[in-house]
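What follows is a protein structure lacking sequence information:
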């Protein structure tokens, strides 16, 4: 398995109504988070510890919240907020 990101919970439904430009910015940042997590957690599948704390990322037009799940080799986008600016 290799590292990927995906929408989780209600974020997938919210993504269906957000503008394409905003979603593109979210996806670019999520890709960056995946690359960083992969570099930091080389042996993700055998990870025994606690998952790192997630965070918030500001992108043009809003923000999103993410969580890293090391054993699953996933970055989950758990909430997106489009503010329209």
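Looks like it came in fine. Quick caveat: nothing in here was measured; it's all calculated off a predicted structure.

Looking at this protein, which helix is longest?
Ranked by number of residues, the top helix in the chain under DSSP state H is helix 20-40.

partners of the very next helix or strand once past it, with directions?
Going down the chain from helix 20-40, the next helix or strand is strand 55-59, by DSSP states H and E. As defined by DSSP bridges, the strand partners of strand 55-59 come to strand 62-69 (antiparallel).

pLDDT averaged over the following helix or strand past the strand it pairs with, what's the number?
Helices and strands here follow DSSP H and E; after strand 62-69, the next one along the chain is strand 74-82. For strand 74-82, mean pLDDT rounds to 95.

What residues sit buried inside the helix-or-strand element of the chain with minimal mean pLDDT?
Taking mean pLDDT, DSSP states H and E as the measure, the helices and strands of the chain show their lowest mean at helix 11-15, namely a mean of 83. For helix 11-15, burial by neighbour count (16 or more other CB atoms under 10 Å) applies to 11, 14, 15. (Each C-beta comes from the backbone N, C-alpha and C, glycine too.)

who's in contact with the most centrally placed residue in the chain?
By CA atoms, centre = their mean, the chain has its centre lying nearest to residue 77, at 3.7 Å. Residue 77 makes contact with 5, 6, 7, 8, 11, 26, 30, 64, 65, 66, according to CB atoms under 8 Å, 6 or more residues apart in numbering.

shaky segments in the protein?
Residues of the chain meeting the criterion pLDDT under 70: 1.

Remind me what the least confident helix or strand of the chain packs against, helices and strands.
Where contact means 3 or more CB pairs under 8 Å, 6 or more residues apart in numbering; DSSP states H and E, helix 11-15 is packed against strand 74-82.
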